[in-house]
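Asks: give me a 3D structure for the following:
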Amino acid sequence: MVRRSLSVAIVCSLGLLTSVATTFAQNRTAKQASTATSAQRTPAGTPGAGTAAAGAPAADTQTAGEVPPPPPAIEISREALAGAIGVREAAQRSDESTQLLEELTTEVGQRFTGTAGDKAGVEWAVKKLRALGFENVRTQEVIVPRWIRGEASFDVLSPFPMPMVTAAVGGSIGTADEGLEGPILMVQDLPALQALPEGTVRGKIVFFNGRMERTRDGSGYGKAVRVRAEGPSIAAALGATGIVIRSVGTSKNRVAHTGTLSYKVSAPRIPAVSISNPDADLLERQVAQTRPGGKIAGNQVMVRIRVTARDLPQVRSANVIGDLPGTDLANEIVLISAHLDSWDLGQGVQDDGAGVAIAIAAARAAVAVNPRARRTIRIVLFANEEFGLSGAARYPLEEGDDNVARHAFAMEADLGDGPVWKLSARVPPTYWATIEQVHRVVKSLGVELGDNVSAGGADLGPLRRRGVPVLAPQLDATTYFDVHHTINDTLDQVDPSHLQQSTAVFAVAAYAAAMVDGPIPRLPEEQAQ
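Replies: Here you go, the predicted structure:
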C-alpha cells in the first residue's frame with residue numbers, strides 16, 4: 001500500500017545557478033571553473049545548490065564578496081560503473097523477483113497485521129533469506145494492533161432501495177446489531193464539510209464523494225486519502241453519526257477499497273465504510289434527485305450502515321532483517337526495504353508483495369558482480385506499515401544511534417510492480433553526481449532523471465528524519481490504485497516484465513550506493529524532514 005506523504009522542498013533557481021557559475025568561471029582558474037561546471041549539474045530542489053557548503057574554507061586568493069567554490073562532485077569509479085552495467089544486464093535476464101512473488105503469494109497469501117497470515121509471512125521471509133545466502137538473518141519484535149474486520153453492509157433504504165458493495169475502513173468501530181440508519185449528507189471533501197453552516201452535519205451520515213485522480217506518481221492518492229484518514233473524526237466533531245466514502249482508488253470495477261482511519265481522542269468515534277466507485281456514482285445520482293430541480297426534490301436519501309468490526313488486544317509481529325556483507329566498507333549499510341504486511345481483502349501482491357520480491361532480488365543482484373559491493377546491503381521487511389508504521393518506528397530504536405549512523409543510504413519499494421519511471425533521491429548535494437551516473441546506466445530502461453527532494457517510502461521516514469540519505473526509484477502508479485487495498489490485489493495483476501525492470505533499477509542504485517567513496521554525510525536538518 002501506499003499511504004505515502006509527498007515532500008515539498010525549496011527549489012533553487014536554475015537561472016541563479018547558471019549566473020553564479022558564470023561569474024565564478026570568469027574570476028577563477030580553469031581548474032576551479034571546471035568544478036563550477038560540475039556544480040551546474042546539481043538538480044533543482046537540492047538544498048545548497050549554487051552556494052558553498054556551510055563552513056567551507058575560503059581560498060587564499062578569494063576576494064571580498066566572491067562566491068567560494070562548491071565542494072567537488074563525488075562519483076563512483078570507472079570499474080564500479082562497469083559493474084553497475086553488469087548488474088543491470090544480469091537483473092534484466094533474471095526472473096527471481098517473479099519467482100519470489102509467486103512463492104509468497106502461493107505459500108502465504110494475505111499477511112494482515114496480527115493474524116496467522118502475518119506470522120506465516122515472517123516465517124516465510126526468515127526461511128527464504130537464509131536459503132538465499134543472506135547472513136545474520138533475524139527478526140525484530142514489533143507490537144502491533146489487532147483489528148477484526150467482521151462483516152459490513154451499506155444499503156440505501158429510500159427513495160430507491162438497493163444494497164451497495166462496501167468494506168469497513170480499517171480501524172472502524174462497529175455498529176449496533178441492527179445497524180445505523182440516517183439521512184445522507186453528500187460533500188466532496190473535508191474543506192466542503194467544514195464550510196457548512198453550524199448544525200448542518202448533526203445527525204447525518206456524511207458521504208464523501210470526491211474522486212481520486214489517476215496519476216503516474218501516486219499524488220492523486222495523497223490528495224484523496226485525507227477523507228478516509230481524517231474524515232471520521234472531523235465529521236464526528238460536527239455531529240455526524242457515521243461516514244461513507246467513495247473508494248480511494250481508480251478502479252471502475254464494483255470493488256470497495258479499504259485502508260486505515262485515524263480517530264482523534266477529541267472527537268467521538270463513529271463507524272466508517274467505503275463503497276465501490278460504481279456504487280458511489282449511483283448514490284450520487286440518488287442524492288441529485290432530491291435536490292432542487294430533481295425528480296423528488298425535498299426528500300432525503302436514507303441509508304443503513306452495519307459493521308461488526310472490533311478491536312482486540314495488541315499482539316506481536318516482527319521486522320525481518322538479513323545482510324549481504326560488503327568488503328572494505330562492510331561496516332556501512334545500504335538498506336533496501338519493503339513492508340511485509342498486507343490488507344486482508346486480497347492476497348497482498350501489489351501491496352506489498354511486489355516490493356518484497358524487488359528488494360530481495362535487487363539485493364542479490366547487487367552483490368553478484370565484480371568488483372564486489374563494498375558496503376553491506378541489508379534487507380529490512382517491515383512489520384505493520386498498513387496500520388501505523390509500527391515496524392518502521394521500531395527499527396531505528398532497536399538499532400540504536402550508533403547502528404543508525406552506519407546506514408549510508410536507504411531505499412524502499414512500495415508501489416506495486418512498477419516499472420520504475422523516474423530516479424529521484426534525497427542525498428547530500430555532492431553525491432548528486434552519483435545519482436546522475438545511476439541514471440545513465442538505467443536510462444535505456446525508460447527511466448527519467450528526477451529531483452533531489454524525494455521522501456522515499458513511508459517506512460523510511462524515521463531513518464530520513466535521523467539524516468539517512470534516501471535513494472528513490474519511483475514506481476509507476478498509473479494502474480496501481482485499480483487494485484490497491486481491494487479484493488483484486490492478486491497475482492494475475494502483475495506484469496513480470498515490469499517486476500524485472502524495477503528489480504534492475506533498484507539493484508543498480510543499490511550497487512552504486514555500495515561502491516561510492518565516503519564517508520557519507522548525514523542530511524542537514526532542513527533536508528531530512
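Asks: buried ones in the helix of greatest length in the chain?
Replies: Assignment by DSSP state H gives helix 496-515 as the longest helix of the chain. For helix 496-515, a neighbour-count test (16 or more other Cβ atoms under 10 Å) marks 498-515 as buried. To be clear about C-beta, it is placed using only N, CA and C from the backbone, and glycine gets the same treatment.
Asks: just how off-centre is that helix within its chain?
Replies: Between the centre of helix 496-515 and the centre of its chain there are 17 Å (Cα atoms, centre = their mean, to the nearest Å).
Asks: do the same with stretch 115-131
Replies: The mean C-alpha position of stretch 115-131 is separated from the chain mean by 22 Å, Cα atoms, centre = their mean.
Asks: with stretch 341-361 instead?
Replies: Centre-to-centre, stretch 341-361 and its host chain are 13 Å apart (Cα atoms, centre = their mean).
Asks: using CSV, list the CA coordinates for it.
Replies: The C-alpha coordinates for stretch 341-361 follow below in CSV (Å, rounded to 0.1, in the frame of the first residue of the first chain):
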residue,chain,number,x,y,z
ASP,A,341,2.2,-7.0,6.0
SER,A,342,-0.8,-6.5,3.7
TRP,A,343,-4.5,-5.9,3.9
ASP,A,344,-6.9,-8.8,4.3
LEU,A,345,-9.2,-8.4,1.3
GLY,A,346,-6.8,-9.5,-1.4
GLN,A,347,-3.6,-11.5,-1.4
GLY,A,348,-1.1,-8.7,-0.7
VAL,A,349,0.5,-9.0,-4.1
GLN,A,350,1.0,-5.5,-5.4
ASP,A,351,0.8,-4.1,-1.9
ASP,A,352,3.5,-5.0,-1.0
GLY,A,353,4.5,-8.5,-2.1
ALA,A,354,5.9,-7.0,-5.2
GLY,A,355,8.1,-4.7,-3.1
VAL,A,356,9.3,-7.7,-1.0
ALA,A,357,10.3,-9.5,-4.2
ILE,A,358,12.0,-6.5,-5.7
ALA,A,359,14.0,-5.8,-2.5
ILE,A,360,15.3,-9.3,-2.1
ALA,A,361,16.1,-9.9,-5.8
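Asks: average pLDDT for it, rounded please.
Replies: Averaging pLDDT along stretch 341-361 gives 98.
Asks: do a quick rundown of the strands in the stretch 101-250 of the chain.
Replies: For the stretch 101-250 of the chain, the strands defined by DSSP state E, counting those that start in this stretch cover 135-148, 152-158, 162-164, 166-168, 180-187, 205-208, 242-246.
Asks: quick one: end-to-end length of stretch 485-501, please.
Replies: By Cα to Cα, to the nearest Å, the extent of stretch 485-501 from end to end equals 24 Å.
Asks: how distant is that stretch from the center of its chain?
Replies: On Cα atoms, centre = their mean, the centre of stretch 485-501 falls 17 Å from that of its chain.
Asks: next one: stretch 450-463
Replies: Chain-centre distance of stretch 450-463: 8 Å, with Cα atoms, centre = their mean.
Asks: please identify the buried residues of that stretch?
Replies: In terms of neighbour count (16+ other Cβ under 10 Å), stretch 450-463 has its buried residues at 450-463.
Asks: among those, which one sits closest to residue 328?
Replies: Lowest distance from residue 328 to those (Cβ to Cβ) belongs to residue 463, with 23.6 Å.
Asks: that closest one: what's its closest spatial neighbour, skipping adjacent residues?
Replies: Nearest residue to residue 463, sequence neighbours excluded (Cβ to Cβ, 6 or more residues apart in numbering): residue 410, at 5.2 Å.
Asks: residue 184 now?
Replies: Setting aside the residues directly before and after it, residue 184 is nearest to residue 301 in space (Cβ to Cβ, 6+ apart), at 4.3 Å.
Asks: just to revisit the earlier point, how close does the residue nearest to residue 463 get to residue 269?
Replies: Remark: distance between residue 410 and residue 269 (Cβ to Cβ, to the nearest Å) = 35 Å.
Asks: buried stuff in stretch 330-348?
Replies: In stretch 330-348, counting by 16+ other Cβ under 10 Å, buried: 330, 332-348.
Asks: from the chain's centroid, how far away is it?
Replies: That offset, for stretch 330-348, works out to 11 Å (Cα atoms, centre = their mean).
Asks: please apply the same query to stretch 508-516.
Replies: Distance, centroid of stretch 508-516 to centroid of chain: 21 Å (Cα atoms, centre = their mean).
Asks: please apply the same query to stretch 225-241.
Replies: Using Cα atoms, centre = their mean, the offset of stretch 225-241 from its chain centre is 24 Å.
Asks: now swap in stretch 269-278 and tell me
Replies: Computed by Cα atoms, centre = their mean, the chain-centroid distance of stretch 269-278 equals 23 Å.
Asks: buried sites along that stretch?
Replies: For stretch 269-278, the neighbour count (16+ other Cβ under 10 Å) marks 270-278 as buried.
Asks: so residue 378 belongs to a helix, correct?
Replies: No. If the criterion is DSSP: H, G, I helix; E, B strand; the rest coil, then residue 378 is strand and not within a helix.
Asks: how deep is it tucked in, by neighbour count?
Replies: Using other Cβ atoms under 10 Å, residue 378 has 22 neighbouring residues.
Asks: can you name the residues bridging to it?
Replies: residue 323, residue 335 (DSSP bridges).
Asks: just residue 274 next, same as before
Replies: Those that pair with residue 274 in a beta bridge, by DSSP bridges, are residue 167, residue 245.
Asks: from what I can see it touches residue 231, true?
Replies: No. Counting by Cβ atoms under 8 Å, residue 274 does not reach residue 231; the two are 10.7 Å apart.
Asks: any common contacting residues for those two?
Replies: residue 245 (Cβ atoms under 8 Å, 6 or more residues apart in numbering).
Asks: phi, psi for residue 442 please.
Replies: phi -100, psi 0 (degrees, to the nearest 10).
Asks: skipping its backbone neighbours, what lies nearest it in space?
Replies: Take residue 442 and drop its neighbours on the chain: the residue closest to it by Cβ to Cβ, 6+ apart is residue 505, 4.9 Å away.
Asks: do residue 336 as well
Replies: Excluding the flanking residues, the one nearest residue 336 by Cβ to Cβ, 6+ apart is residue 359, at 4.6 Å.
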